[in-house]
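Asks: coords please:
(2 chains)
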Amino acid sequence: MVHYIARRLLYMVPTLLAISILTFLVIQAPPGDYLNTVVAKLEAEGQYVDRAQLEALRNRYGLDEPIWVQYWRWITGIIIHGDFGHSFVYSAPVADVLKERFGFTVLLSVTSMAFVWAVAIPVGMYSAVKRYSPADYTFTFIGFLGLAVPNFLIALVLMYISYSYFGQSVGALFSPEFAESSWNLGKILDLLSNLWIPIVIIGTAGTAGMMRIVRANLLDELHRPYVTTARAKGLTEGSLLMKYPARLAASPIVSTIGWLLPSLISGEIIVSVVLNLPTTGPVMLRALESQDMYLAGSFLLLLSVLTVVGTLISDVLLARLDPRIRYGKR
Amino acid sequence: MFQVTRRSLLYGTVAATTGGALSGCTFFSTDPDSGGSGPAADDGALEAPSLQQQVEAGELPELSERLPKDPLVVEPVNELGTYGGTWRTYAMGPDDNNAYNAIGYEGLVRWIPEYTGATGTDEILPNLAEYEANEDGTLYTFTLRPGIRWSDGEPFDADDIMFWYESVFSHETLTPGVPTWLGSGGERAVVEKVDDHTVTFEFPTTSAFFLHSMAQLGQGVEIVNYPAHYMSQFHPDHNEDLDSLVAESGQADWVALFEDRAQWRYNPDLPRLTPWVISTPGNSGTKAVATRNPYYWKVDPEGRQLPYLDDVQYNLVEDPEVALLRALNGEVDLEHRHIATGENYPVLAEGAEEGDYWLMNYSYDSMNIALIQLNLTHPDETKREIYNNKDFRIGLSHAINRQEVIDLVYNGQGQPWQAGPLEESALYHEQLATQFLEYDVDLANQHLDDAGYTERDANDIRLGPDGNPIVITLDTRSDVFNWTDLAELLTDYWAAVGIDVEVNTASHELIIERRESNQHDAILESGLGGRAAVLVPRNYVPIESTAGFGVQWARWYQGLPDGEVPPENVRPMFDLWDQVKTTFDGEEQEQLFTQILDIAAEEFLQFGVATPAGEFAVVKNSMRNLPEDGMPSGTPYPNPAPYNPEQFFQAE
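Replies: Numbering: from 1, shown residues only, chains lettered A, B, ... in the order given. Below is the predicted model of the structure:
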């Protein structure tokens, strides 16, 4: 086991290096650079930047250097100094920009994941046991609806409802009067009253998908001979279900636990933009749009690290859960 | 004295119908963050209650010590105001720099509020300084108003200007290249200090628009953004021990540190001359806040220190729809940016009563909703030949059903218009503005036939000189209201006369990249310079590459090696522009500029669609001292800043 983990950790190094090169290349692939964003903003207000000045700025920011030089400066900064570089858009160190939004992103991801599991697992199990019942059809219908409607659309609709019927301040985790105030009961209540919208929105699609997975897995197990045997031996339906098929049906869920890790910080980008949430999602989008490559690159790198680590965690958990899975080579 | 206007009637109606509800809504007065007291309590006080408290606590000198002996008196638009209140608005993300224009407009000189874009210097007011220009516009003398202090209490004088001149402007690393407005004839302006309160700017040849540039944000206003006593510590010429500061700050080098500290939007420590000073910057958190400058140097006619409002709060939003909902919800006191697009007008008008706001219509300085610019300097010889054919352009212009565009896409507002100055401008040029506007498919076909492209392919598309069908890729920005819809309509109109159009909708950044590398066939561009045509001339004479019809000519004019000499018919425009730039007299400028417009009309280099509907702002009913409709907007006027936001106030 220890050997296995050590080997997997070792594999991560080249994987991450390759990812970092790839992300940097992809971010730089579109024509132009951050200065196009600067020019666009100035032009929108009718101002104009001389090309000579632009070249000088490009030189100052090191944007005129070959891409591998820029990459080398960035990656060595991270490895040697733990310095992720400077964000052009925020005029601040990348680490500060991400750190500031980290807390709320994790909070939102964890709560919406909890929401997904709390809703999807019982409903999925119910649908499987009572297959083709009216309730199963209803849940399935709602589930597919949630899966099919884009999240941001639900967000816009909920925002409109929230504005026109509840008069609630929309588009943030806090009402304006609490946004910068210090923590107190009022602020927490305010947070809770605003938090439900993103949780429900982000949750719907996840719930639908998870519901279907649970239902399908359980259906596979429900007709196995061991279930019939257990039933013949007189186990009640409830304890039978929980004791045998449900445990086996859980392995696909466990194998996706690892994906939770990257989603912790990525958040739901478009939903966050629409709802104006102070999470890392909008930062990522803005960084990519503005070609703020150190911010975008560092963010993607962080995501990759979490994905790779998450996958490892999933694999280890799965191996613990299911003895049929073996470590190492065949 | 008492004047019944539409607006005051509206106030009356709103007050009468919602009086009870309003008195219950005490958001402003109980706002825990602003230390200001109720508006009624400070009658007669010469400074804001919060400042008075600080004076009493000994944290701040007396008002008389903070104000100049002879402070600048600002005439309020309607009435004297009361202290207190917050101006709530929003910024679109951390780098929405222009969101802060309204609170950053304090230069040596400024525009008069009722700016019309006229030539000459009549519309330039003294601000931090009185100005004087010699007859040929080569020597400008500024006499600084004595006794003005930075927001930290240090005096503002000629040394601050000289610090900018010697250590920033003349420093090759900090100012690479000469900004065009600070040079003439390829040489830099020379700035000299005469005494503590007098500086001169001298140019080798006439610099006709220097004063106008001094009145512009991002140009002249920049030079008073460097308080010497604060910024000198970050400059190697003034601080020998700079390395330790750099190391401490974590910045890469001193240049990065210097520029970081000079960013007034992000650095709350930077002393300022503006009514409000950033206290919470917008590059972190969810809002930016600017609070009252205790040393602000302007007063109302009763000698009470401005600004009236305690602070300005910018909520950071990521999406314009969020801003729109906020405005509908009555959470925006005054703003026009990002939501003042035509498509939002109906929904905002409908929600005005519930949101307790009104819509203030600006008088927008733009002559067109979209200029259609064919790339006359296209690298592809065939395309260049086609686009440079004047008959081809005339044909395309006649093929556009402009009235239908106005009705379908722009709510019926606007009138068909080519790329010419607006009718109310002194530079209005009838031929340039109104030729070839008529929608006539037969006439269009005739011109296109005259252009020589009579052969058509199986799809009825005309064939170019190389025997291939004529296909134009039209670049449009995705972020501009309705340009995509307009482009789709153009596709139909031109297909009807046998020209194939492919619409390429992309982000502004990408469109710029394509234009700067001269890859575009055709591009839509905004029609700035409707009135202030002489200050924003690029839509008439392509001196900047923003003019998508003559990118290479602009390069040539700027002296770049990869530019291209304009052809004989266009070249005189540039010569005339050179003369305009070195002519100080406004009337002579107009005469010369009219000659440029004559050429533009004759050559018909680009064409337009229609005059744009005005921009508008959402104004909360409690915000006072704003003009009724008609405040100018659009470059070079940073609305609403020239209307003296320091005299805005809030009343129930």
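Asks: Return the residues in contact with residue B:144.
Replies: By C-beta atoms under 8 Å, 6 or more residues apart in numbering or on different chains, residue B:144 lies in contact with B:108, B:128, B:129, B:156, B:157, B:158, B:161, B:197, B:198, B:199. Every residue, glycine included, has its C-beta placed from N, CA and C.
Asks: Give me the helices and strands touching the helix or strand containing residue B:125, please.
Replies: Using DSSP states H and E, residue B:125 sits in strand B:124-126. Strand B:124-126 sits against strand B:109-111, helix B:210-214, with contacts defined as 3 or more C-beta pairs under 8 Å, 6 or more residues apart in numbering or on different chains; DSSP states H and E.
Asks: same thing but at 7 Å, please
Replies: strand B:109-111 (3 or more C-beta pairs under 7 Å, 6 or more residues apart in numbering or on different chains; DSSP states H and E).
Asks: in its sheet, what does the strand it packs on sit against?
Replies: Note on strand B:109-111: by DSSP bridges, its sheet partners are strand B:124-126 (antiparallel).
Asks: what's the following helix or strand after the strand it pairs with?
Replies: For strand B:124-126, the following helix or strand on the C-terminal side (DSSP H and E) is strand B:129-133.
Asks: Quick check: buried residues in that next one?
Replies: B:129, B:130, B:131, B:133 (16 or more other C-beta atoms under 10 Å in any protein chain shown).
Asks: and the gap between residue B:268 and residue B:529?
Replies: In this view, residue B:268 and residue B:529 are 36 Å apart by C-beta to C-beta, to the nearest Å.
Asks: The two: which has the busier surroundings?
Replies: Per other C-beta atoms under 10 Å in any protein chain shown, whichever of residue B:268 and residue B:529 has more neighbours is residue B:529, with 28 against 16.
Asks: quick one, what contacts the residue lying closest to the more buried one once chain neighbours are set aside?
Replies: Once flanking residues are discounted, residue B:529 sits nearest to residue B:536: 3.5 Å by C-beta to C-beta, 6 or more residues apart in numbering or on different chains. Each residue near residue B:536 by C-beta atoms under 7 Å, 6 or more residues apart in numbering or on different chains is listed here: A:46, B:528, B:529, B:635, B:636.
Asks: are any of these buried, and which?
Replies: Judged by 16+ other C-beta under 10 Å, buried ones among the contacts of residue B:536: A:46, B:528, B:529, B:635, B:636.
Asks: pLDDT score for the fourth one?
Replies: In other words, residue B:635. Note on residue B:635: pLDDT of 84.
Asks: Where does the residue nearest to residue B:176 when sequence neighbours are not counted sit, in terms of helix or strand?
Replies: The shortest distance from residue B:176 to any non-neighbouring residue, by C-beta to C-beta, 6+ apart, is to residue A:56 (3.2 Å). Assigned by DSSP H and E, residue A:56 belongs to helix A:51-60.
Asks: so where is chain A shaky, pLDDT-wise?
Replies: Counting by pLDDT under 70, chain A has low-confidence residues at A:167-172, A:175-182, A:264-267, A:326-330.
Asks: What's the nearest residue in it when you look at chain B?
Replies: Closest to chain B within chain A is residue A:46: 2.7 Å, counting by C-beta to the nearest C-beta.
Asks: Could you verify that that residue is part of a helix?
Replies: No: counting by DSSP: H, G, I helix; E, B strand; the rest coil, residue A:46 falls outside a helix, being coil.
Asks: which residues does the nearest residue to it once chain neighbours are set aside contact?
Replies: Using C-beta to C-beta, 6+ apart and skipping residues adjacent in sequence, the residue nearest residue A:46 is residue B:635, 2.7 Å away. Residue B:635 makes contact with A:45, A:46, B:528, B:536, according to C-beta under 7 Å, 6+ apart.
Asks: Reduced to three states, what does the residue in the stretch 51-200 of chain B that chain A sits nearest to come out as?
Replies: Ranking the residues of the stretch 51-200 of chain B by distance to chain A (C-beta to the nearest C-beta) places residue B:176 first, at 3.2 Å. When classified by three-state DSSP, residue B:176 comes out as coil.
Asks: who in the stretch 201-330 of chain A is up against chain B?
Replies: A:273, A:274, A:276, A:278, A:282, A:286, A:289 (C-beta under 7 Å from any C-beta of the partner chain).
Asks: how does it look with 8 Å?
Replies: Residues of the stretch 201-330 of chain A lying close to chain B by C-beta under 8 Å from any C-beta of the partner chain are A:272, A:273, A:274, A:275, A:276, A:278, A:282, A:285, A:286, A:289, A:290, A:291.
Asks: now those: which count as buried?
Replies: Of these, these count as buried by 16+ other C-beta under 10 Å: A:272, A:273, A:274, A:275, A:276, A:278, A:282, A:285, A:286, A:290, A:291.
Asks: May I see these organised as JSON lines, with distance to residue A:245 and secondary structure added?
Replies: Below are these laid out as JSON lines (distance: C-beta to C-beta, whole Å; DSSP: H, G, I helix; E, B strand; the rest coil):
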{"residue": "A:272", "distance to residue A:245": "38", "secondary structure": "helix"}
{"residue": "A:273", "distance to residue A:245": "41", "secondary structure": "helix"}
{"residue": "A:274", "distance to residue A:245": "40", "secondary structure": "helix"}
{"residue": "A:275", "distance to residue A:245": "39", "secondary structure": "helix"}
{"residue": "A:276", "distance to residue A:245": "44", "secondary structure": "coil"}
{"residue": "A:278", "distance to residue A:245": "42", "secondary structure": "coil"}
{"residue": "A:282", "distance to residue A:245": "42", "secondary structure": "helix"}
{"residue": "A:285", "distance to residue A:245": "42", "secondary structure": "helix"}
{"residue": "A:286", "distance to residue A:245": "46", "secondary structure": "helix"}
{"residue": "A:290", "distance to residue A:245": "51", "secondary structure": "coil"}
{"residue": "A:291", "distance to residue A:245": "51", "secondary structure": "coil"}
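Asks: residues touching the spatially most central residue of chain A, list them.
Replies: Compute the mean C-alpha point of chain A, and by C-alpha atoms, centre = their mean the closest residue is residue A:263, 2.3 Å away. Applying C-beta under 8 Å, 6+ apart to residue A:263 gives the contacts A:109, A:113.
Asks: if we go to 10 Å?
Replies: Counting by C-beta atoms under 10 Å, 6 or more residues apart in numbering or on different chains, residue A:263 touches A:105, A:109, A:110, A:112, A:113, A:202, A:206, A:256, A:303, A:306, A:307, A:310.
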